[in-house]
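Novice: Here is my input; please provide its structure:
(one chain, ligands or ions: 4)
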Amino acid sequence: MAADEQVSNMFDTILVLDFGSQYSHLITRRLREFNIYAEMLPCTQKISELGWTPKGVILSGGPYSVYAEDAPHVDHAIFDLNVPILGICYGMQELAWINGKQVGRGDKREYGPSTLNVLDDANPLFKGMNNSTVWMSHGDKLHGLPTGYKTIATSDNSPFCGVVHETKPIYGIQFHPEVTHSTQGKTLLKNFAVDLCHAKQNWTMENFIDTEINRIRKLVGPTAEVIGAVSGGVDSTVASKLMTEAIGERFHAILVDNGVLRLNEAANVKKTLVEGLGINLNVVDASEEFLTKLKGVTDPEKKRKIIGNTFIHVFEREAEKIKPKDGKDIEFLLQGTLYPDVIESISFKGPSQTIKTHHNVGGLLENMKLKLIEPLRELFKDEVRHLGELLGIPHDLVWRHPFPGPGIAIRVLGEVTKEQVEIARKADNIYIEEIKQAGLYNQISQAFACLLPVKSVGVMGDQRTYDQVIALRAIETTDFMTADWFPFEHSFLKKVAARIVNEVDGVARVTYDITSKPPATVEWE
Ligand SMILES: Nc1ncnc2c1ncn2[C@@H]1O[C@H](COP(=O)(O)OP(=O)(O)OP(=O)(O)O)[C@@H](O)[C@H]1O
Ligand SMILES: O=c1[nH]c(=O)c2[nH+]cn([C@@H]3O[C@H](COP(=O)(O)O)[C@@H](O)[C@H]3O)c2[nH]1
Ligand SMILES: NC(=O)CC[C@H](N)C(=O)O
Ligand SMILES: [Mg+2]
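Specialist: Ligands and ions are numbered 1, 2, ... in the order given. Prediction:
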């Protein structure tokens with residue numbers, strides 16, 4: 001992406017350098033909550049390669065000890081930017097390490113709340129902060145003042161809880177203002193970004209729409225055409241609507257009916273997107289192809305792989321058929337990548353274990369040699385939803401529960417057949433219908449029905465039945481990394497169970513999943 005097309009060049013931006021803290025992304029999140037654009041990059045980012053000038057820099061916390069041999073360190077060029085700098089926890093220890101190395105193991109580790117004692121009331125960073133509860137999470141501490149700094153706040157266990165450079169706007173704080181347990185933490189971040197960095201508070205979705213449409217138009221040019229895979233989920237729909245606003249019919253959306261979508265999904269999505277939103281969408285029915293390839297497969301990861309590969313194959317085949325009006329080939333591919341996906345791939349972390357391969361259509365890029373357009377790359381999910389509402393996308397679609405790419409194939413445990421998909425689909429439809437009717441849909445983050453590959457004995461109309469089991473799942477979560485099950489009223493579960501057993505042939509029993517994540521995951525496969 002050319003430098004002048006970056007959002008960070010269009011809005012005043014605070015640069016957050018990530019040293020691997022679990023809370024780093026929250027710093028970005030909080031700043032955006034008061035309409036200041038912030039971008040997170042790994043702590044190893046070379047400032048000369050940045051391509052834009054931040055209004056201020058925040059150094060995050062991190063799990064390392066600055067004095068350890070393999071500890072990460074910041075590019076000293078941040079000090080030549082002559083913008084305000086704020087070091088949080090590890091970030092402050094890093095500032096101290098650079099200026100006199102006065103950091104070591106503390107005699108007491110400190111996790112949890114503490115009270116901030118502000119020494120200098122006139123200091124703009126701590127405006128409105130005195131005596132507030134601040135949240136600590138550290139084992140190391142400053143053993144003395146960094147050279148050229150003075151103390152501006154203390155706490156019971158941290159004599160250097162807040163420090164500032166004698167002549168420059170460089171600050172260090174031992175606590176974490178980004179977590180909600182720091183009651184005035186947001187005030188501190190605002191004091192830093194607005195009063196010290198003078199960043200404009202103009203990061204609003206209204207402004208973003210115009211900026212983004214212009215950026216897309218400039219990027220694509222007057223004639224080139226764009227394709228995109230669109231599922232009818234929130235992300236791809238919002239991205240497609242934005243593309244449509246920018247280039248109209250030159251954007252070609254493709255929905256692949258993989259045979260494991262929800263009940264009537266392809267038809268419903270087509271209606272909403274084409275008739276409701278004017279999106280140039282083509283639905284490709286490849287259900288037989290997918291189901292044939294899934295025959296006999298029971299392993300969840302194998303299912304994902306087959307679906308992912310078949311998806312790429314179908315998508316490429318369909319893309320071939322599109323002939324742009326300018327006689328050239330399609331040049332661009334739209335993807336609904338969100339900021340959390342970006343953070344995941346850039347943040348400063350060691351390797352983690354693969355539990356499931358979620359990014360089932362990730363193979364498109366390498367194979368297709370198309371240029372990527374990712375209009376939601378800078379946005380968090382709630383920002384995408386807000387954007388969707390502003391673009392006139394129906395409320396129900398904007399607030400839809402996420403639906404995985406491999407769909408019902410990972411909700412039919414064991415072999416996926418047309419008959420099994422049909423059972424899971426009908427049960428799921430009844431369940432969601434009842435959830436909506438009870439007014440619970442928006443309180444739940446995700447709900448669905450799974451078909452278990454076990455048979456159980458029942459009795460219906462005096463006859464013995466020997467049929468399968470549906471497991472219902474409903475969870476509450478903010479980030480899908482951890483989740484808890486939703487506490488339905490018993491009467492609700494009773495009603496749903498009765499309806500499913502009565503209305504769906506092949507089901508003899510219904511159970512409700514009461515496992516949190518961890519130790520379980522959201523999906524059963
Ligand atoms: N059946 C499908 N047809 C076309 N594209 C699909 C299909 N399923 C998934 N995709 C593509 O895969 C991407 C990732 O899917 P994912 O479910 O993470 O996002 P989404 O469907 O847009 O939104 P949500 O997370 O709300 O479901 C989608 O944005 C879309 O580009
Ligand atoms: O696009 C997707 N492809 C997948 O293969 C996949 N597996 C899980 N999910 C979704 O991810 C979230 C967390 O799910 P898990 O706790 O089961 O890992 C939940 O929202 C799941 O629905 C997927 N999404
Ligand atoms: N939260 C942090 O940034 C911790 C910094 C450092 N690892 C410590 O234990 O003090
Ligand atoms: Mg989806």
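Novice: any idea which element residue 430 lies in?
Specialist: For residue 430, the element it lies in under DSSP states H and E is helix 418-437.
Novice: what does residue 509 give?
Specialist: strand 507-512.
Novice: which other residues reach that strand?
Specialist: 423, 427, 455-458, 460, 465-472, 485, 488, 493, 496-497, 500-501 (Cβ atoms under 8 Å, 6 or more residues apart in numbering). C-beta here means a position set from N, CA and C on the backbone, and glycine is covered the same way.
Novice: Of the residues you listed, which belong to strands?
Specialist: 455-458, 460, 465-472, 485 (DSSP state E).
Novice: wait, which of those is closest to residue 35?
Specialist: Taking Cβ to Cβ as the measure, residue 35 sits nearest to residue 485 out of those, at 35.5 Å.
Novice: Dig out what the closest one forms beta bridges with.
Specialist: residue 475 (DSSP bridges).
Novice: Can you classify residue 216 by secondary structure?
Specialist: With DSSP: H, G, I helix; E, B strand; the rest coil as the basis, residue 216 sits in helix.
Novice: Mind telling me what element the residue nearest to it when sequence neighbours are not counted is part of?
Specialist: Ranked by Cβ to Cβ, 6 or more residues apart in numbering and with sequence neighbours excluded, the top spatial neighbour of residue 216 is residue 246, at 4.0 Å. For residue 246, the host element (DSSP H and E) is helix 234-247.
Novice: How about residue 231?
Specialist: Per DSSP H and E: nothing holds residue 231, as it lies in no helix or strand.
Novice: Tell me who's in contact with it.
Specialist: 237, 255, 269, 403, 405.
Novice: Double-check that the third one belongs to a helix.
Specialist: So that's residue 269. Yes: under three-state DSSP, residue 269 sits within a helix.
Novice: where do the helices sit along the stretch 251-400 of the chain?
Specialist: With DSSP state H, counting those that start in this stretch as the criterion, the stretch 251-400 of the chain has helices at 265-270, 287-294, 300-321, 339-346, 364-368, 381-390, 395-398.
Novice: for the residue lying closest to residue 21 once chain neighbours are set aside, helix, strand, or coil?
Specialist: Among residues not flanking residue 21 along the chain, residue 61 sits closest, at 3.6 Å (Cβ to Cβ, 6+ apart). Put simply, residue 61 is coil when judged by three-state DSSP.
Novice: surely residue 61 meets residue 89?
Specialist: Yes: using Cβ atoms under 8 Å, residue 61 is in contact with residue 89, at 3.6 Å.
Novice: what sits in contact with each of these two?
Specialist: 21, 137-138, 176.
Novice: Thought residue 213 was touching the residue nearest to residue 216, still the case?
Specialist: Yes: applying Cβ under 8 Å as the test, residue 246 and residue 213 come out as touching, 4.6 Å apart.
Novice: the more surrounded of these two?
Specialist: residue 246 (22 against 16; other Cβ atoms under 10 Å).
Novice: roughly how far apart are that one and residue 11?
Specialist: From residue 246 across to residue 11, the span is 19 Å (Cβ to Cβ, to the nearest Å).
Novice: Run through who's touching stretch 435-454.
Specialist: 399, 401-402, 411-415, 420, 423-424, 427-428, 431-432, 468-478, 480, 483, 486, 488, 492, 500, 513, 522, 524.
Novice: Give the buried subset of those residues as a PyMOL selection command.
Specialist: In PyMOL, a selection of the buried entries from the contacts of stretch 435-454 looks like this (16 or more other Cβ atoms under 10 Å):
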select buried, resi 401+411+412+413+420+423+424+427+428+431+432+468+469+470+471+472+473+474+475+480+483+486+488+500+522+524
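Novice: Confidence-wise, which of the shared contacts of residue 61 and residue 89 comes last?
Specialist: Least confident entry in the shared contacts of residue 61 and residue 89, by pLDDT: residue 21, with 89.
Novice: Pretty sure that one sits in a helix.
Specialist: No: secondary structure of residue 21 (three-state DSSP): coil, not part of a helix.
Novice: Tell me the residue of the stretch 1-150 of the chain that sits nearest ligand 3?
Specialist: residue 61 (2.6 Å; Cβ to the nearest ligand atom).
Novice: Now do the contacts for that residue.
Specialist: 19, 21, 23-24, 88-91, 137-138, 176.
Novice: again with residue 26
Specialist: Counted by Cβ under 8 Å, 6+ apart, residue 26 has contacts 178-179.
Novice: hang on, it in a helix?
Specialist: Yes: Residue 26 sits within a helix when classified using three-state DSSP.
Novice: What residues does the stretch 101-250 of the chain have near ligand 4?
Specialist: 231, 233 (Cβ under 5 Å from the ion).
Novice: can you check the chain too?
Specialist: So the chain meets ligand 4 at 231, 233, 403 (Cβ under 5 Å from the ion).
Novice: Now that we have these, can you turn them into TSV and tack on pLDDT?
Specialist: TSV is the format used below for the residues of the chain next to ligand 4 (pLDDT from 0 to 100):
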residue	pLDDT
231	95
233	94
403	95
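Novice: Show me which of these is closest to ligand 3.
Specialist: residue 233 (35.0 Å).
Novice: ok, now which ones touch that closest one?
Specialist: With Cβ under 8 Å, 6+ apart, residue 233 has these contacts: 336, 400, 402-403.
Novice: Next to ligand 3 in this structure, residues from the stretch 51-200 of the chain, please.
Specialist: Residues of the stretch 51-200 of the chain lying near ligand 3 by Cβ under 6 Å from any ligand atom: 61-65, 89-90, 137-140.
Novice: could those go into TSV alongside secondary structure?
Specialist: Output for these, formatted as TSV (three-state DSSP):
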residue	secondary structure
61	coil
62	coil
63	coil
64	coil
65	coil
89	coil
90	helix
137	strand
138	strand
139	strand
140	strand
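Novice: if we can go back for a sec, which of the contacts of residue 233 are buried?
Specialist: Buried among the contacts of residue 233 by 16+ other Cβ under 10 Å: 336, 400, 403.
Novice: Contacts only, for the closest residue to residue 130 other than its chain neighbours.
Specialist: With sequence-adjacent residues excluded and distances taken as Cβ to Cβ, 6+ apart, residue 130 is closest to residue 118, at 4.2 Å. For residue 118, the contacting residues are 126, 129-131, 152-153, 162, by Cβ under 8 Å, 6+ apart.
Novice: Write down the beta-bridge partners of residue 118, one by one.
Specialist: residue 153.
Novice: what does the stretch 201-350 of the chain have sitting close to ligand 1?
Specialist: 229-231, 233-236, 255-256, 258, 336.
Novice: Would you mind checking those residues for buried ones?
Specialist: Buried among those (16+ other Cβ under 10 Å): 229-231, 233-236, 255-256, 258, 336.
Novice: so what's the most centrally placed residue in the chain up against?
Specialist: The residue lying closest to the centre of the chain (Cα atoms, centre = their mean) is residue 340, at 3.5 Å. With contacts defined as Cβ under 8 Å, 6+ apart, residue 340 is in contact with 25, 380-381, 479.
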